[in-house]
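Chemist: Build me a model:
(one chain, ligands or ions: 1)
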Amino acid sequence: MTDTAKLRIGTRGSPLALAQAHEVRDKLANAHPELAEEGAIAVTVITTTGDKILDRALSEIGGKGLFTKEIDDALLGGEIDLAVHSMKDVPTVLPDGMILPTILPREDVRDAFISLKYKSFAEMPAGSVIGSASLRRQAMILNKYPDLKVVTFRGNVQTRLRKLSEEQVDATLLAMAGLNRLGQPDIATAPISEDDMLPAVAQGAIGITIREDDAQCKKWLAALHCETSAIRVAAERAALKALDGSCRTPIAALAEFQDDGSLRLRVSIVRPDGSERLDTERMVAKPDIATAMAAGTDAGEELKQRGGPDFITA
Ligand SMILES: NCc1[nH]cc(CCC(=O)O)c1CC(=O)O
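Modeler: Numbers count the residues shown, from 1 in each chain. Below you'll find the model as predicted:
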């Protein structure tokens, strides 16, 4: 059917990526009658480098765009017309010819604590082992709970639950957003407050990339865009870009609208062993994309300066 489709969506093949792509397909079909017809939208699965390498921490593999490169190529090569991404996995600089016009309404930004034995980090005895492949999560845990141990641990939800029941680790972490989108929020023992563990840049946000000159797609996608989510993500991504760290630098950021309409941005960097953590904050009185990005850039530059070259490894 792909050859007759009016719109071809590219996505990774993980259960979460597919759920996100199907959400986008359904929203587009609901918004536009011409896309609601049978076969009007095709979903194409594209395997990325990040999907192929399952035995190493992503930071060890290195390089930006582990989960996006092959999809970017398919988009620019005209094999697909739009790509659905977890914004957490999208590099801050997009390839030439590509734009990111759409951010969906953001999901829960928090990390989930998952354990069969304990209700929270605070309950875990010294020496307990937490499995995570995320340097940010590892470093944040060690910073707050130096007596706990972290080990590198990847895999989908089912693999992780099996490893937990086999007692390979005492706890693991996943994004609440992913569990919610998979319809499995109960897998979380408890969400971790963003005050206790600041989330990754753009955690819980989905973005859609298209070719720069694709006016038709741009028109279709306008119905799906959430400007407040886009402003929050813009602030966090600007901080990430200014920090100019590699995937070896644990970075966390969260922008949130306050009741008075202002935007509060928090940014943190942590040494991988948890021994030191630097935090900063900005308030934006009248947030739009430009003011949010300016605050993010400023916050990121401050931390880069304070941390110095040995904190932020290139
Ligand atoms: N790097 C993998 C990844 N990219 C996005 C999510 C979760 C969903 C989201 O943050 O939107 C995950 C898995 C996880 O961290 O649990």
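Chemist: rest of the way, CA atoms for contacts and neighbours
Modeler: Noted.
Chemist: now for the host helix or strand of residue 305, which elements pack on it?
Modeler: Element membership of residue 305, judged by DSSP states H and E, is helix 289-307. Other elements packing on helix 289-307 under the criterion 3 or more C-alpha pairs under 8 Å, 6 or more residues apart in numbering; DSSP states H and E are helix 227-243, strand 263-270, strand 277-284.
Chemist: Now do the contacts for residue 89.
Modeler: Residues in contact with residue 89, defined by C-alpha atoms under 8 Å, 6 or more residues apart in numbering, are 65-68.
Chemist: ok, back up a step: residue 215 is nearest to which of the helices and strands packed on helix 289-307?
Modeler: Between residue 215 and the helices and strands packed on helix 289-307, the tightest spacing by C-alpha to C-alpha is seen for helix 227-243, at 19.3 Å.
Chemist: what angle separates whichever helix or strand comes after the closest one from strand 277-284?
Modeler: Under the assignment DSSP H and E, the closest C-terminal helix or strand after helix 227-243 is strand 251-257. Put simply, strand 251-257 runs at 20 degrees to strand 277-284, going by axes from the mean of the first three to the mean of the last three C-alpha atoms, to 10 degrees.
Chemist: could you check the angle helix 289-307 makes with strand 251-257?
Modeler: Put simply, strand 251-257 runs at 150 degrees to helix 289-307, going by the same axes, to 10 degrees.
Chemist: buried residues in the helix holding residue 305?
Modeler: Within helix 289-307, the residues scored as buried using 16 or more other C-alpha atoms under 10 Å are 291-304, 307.
Chemist: Tell me the one among those residues nearest to the ligand.
Modeler: Nearest to the ligand among the buried residues of helix 289-307, counting by C-alpha to the nearest ligand atom, is residue 296 at 19.2 Å.
Chemist: burial measure for the closest residue to that closest one other than its chain neighbours, as a count.
Modeler: Nearest in space to residue 296, with sequence neighbours left out and distances taken as C-alpha to C-alpha, 6 or more residues apart in numbering, is residue 239 at 4.1 Å. Residues within reach of residue 239, counting by other C-alpha atoms under 10 Å, total 34.
Chemist: for residue 239, what are its contacts?
Modeler: 253, 267, 293, 295-301.
Chemist: Could you list the low-pLDDT ranges of the stretch 51-200 of the chain?
Modeler: Applying pLDDT under 70 to the stretch 51-200 of the chain flags residues 54-63.
Chemist: How about the residues of it by the ligand?
Modeler: Those residues of the stretch 51-200 of the chain that sit near the ligand, judged by C-alpha under 6 Å from any ligand atom, are 86, 88-89, 174-175, 177-178.
Chemist: where's residue 217 relative to the ligand, distance?
Modeler: 23 Å (C-alpha to the nearest ligand atom, to the nearest Å).
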